[in-house]
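*Asks:* what follows is a predicted structure for the sequence shown.
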Amino acid sequence: MPALDPPMALLAEVTHRCPLQCPYCSNPLELDRVAGELDTASWCRVLDEAASLGVLQVHFSGGEPLVRRDLASLVGHAARAGLYTNLITSAVLLGQERLDALVAAGLDHVQISFQDVEDAAGDRVAGYKNAQRLKREAAARVQASSITAGPSPTAPRCCRPGRSSTRRRRRSRRRANDCAGAWSSITSCRTTMRRCPRPA
Ligand code: SF4
C-alpha cells in the first residue's frame, strides 16, 4: 500500500472568540471559553509536531485569532519551525502596532474576510458597527507593509526552494499544481492580500 503524503497545511483554530456575529458562522454552538483554549506552550508543541510531520503552511484562524495576545509569539514559533504563516482574520482588530508585531515575528500572508462590498450591508452581516471601514483601513495597512511589497521572491514555501529543505523541495515540485489550485479557491471566497506571486 503506498505511503500517504503528509498534510500540506494545518488550520490552527486558536480561539472561538470573535467580536463579529456573522449569522453563517461555522463556530460550534457550544464555544470554548478562553480558559478552555490551548495555551501558548501547547500550540508551540502542535506547530513543532506539524512541521516535523511535513506540513508546509499554518493558517491561524478562529474565531478571530487576533483576540489572542500571544498570536505574534505563535507566528514567530511557526516561522522558526519553517512553516509558511497565514493569518485569516476579520481584521477589525488589526491596528498598525499589531500588524508590525506580526510582520516582525515572520508573518508571510494576511487573508481578510469581507462580509459584503457595501459598507452598510457588511456591517449588518457582521453585526459590528464600522466593521467594513475598519477592514478597509486594515487592508490598506497590510498593502503598505512589507507583506504586500509587490512581486517578490517570497513565493509560498512549497515553491520557495531557497528556504526549504531538500525533502521539502521534492514535495514542493510534486505539489505545485495542488498549490495553484488551493490559491484559486482561497481567492474566490476571500479578499486576499498577499505578497507572493501565484505559483506557475
Ligand atoms: S468573522 Fe468568522 S469567526 Fe467571526 S463571527 Fe464571522 S464567520 Fe464567525
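*Replies:* Looks like it came in fine.
*Asks:* tell me the domain boundaries of this protein?
*Replies:* 9-153, 158-200 (automatic domain parsing).
*Asks:* ok, the longest one near the ligand or not?
*Replies:* So the one you mean is domain 9-153. Yes - judged by Cβ under 6 Å from any ligand atom, domain 9-153 and the ligand are in contact via Cys18, Leu20, Gln21, Cys22, Cys25, Asn27, Gly62, Gly63, Glu64, Ser90, Ser113. In this view, the C-beta of every residue, glycine as well, is placed from N, C-alpha and C.
*Asks:* I figured the third one hits Ala126, correct?
*Replies:* Yes - in this structure Gln21 lies within contact range of Ala126 using Cβ atoms under 8 Å: 7.0 Å.
*Asks:* so between the two, which is more surrounded?
*Replies:* Ala126 (25 against 11; other Cβ atoms under 10 Å).
*Asks:* mind checking pLDDT for that one?
*Replies:* You'll see Ala126 listed with a pLDDT of 96.
*Asks:* hmm, Pro23 and it touching each other?
*Replies:* No - distance between Ala126 and Pro23: 9.7 Å, which falls outside the contact criterion (Cβ under 8 Å).
*Asks:* let me see the contact set for Gln21.
*Replies:* Applying Cβ atoms under 8 Å, 6 or more residues apart in numbering to Gln21 gives the contacts Ala126, Gly127, Tyr128.
*Asks:* what helix or strand is it on?
*Replies:* Under the criterion DSSP states H and E, no helix or strand holds Gln21.
*Asks:* for the one 5 residues further on, same thing?
*Replies:* Taking DSSP H and E as the criterion, Ser26 maps to no regular element, lying outside all helices and strands.
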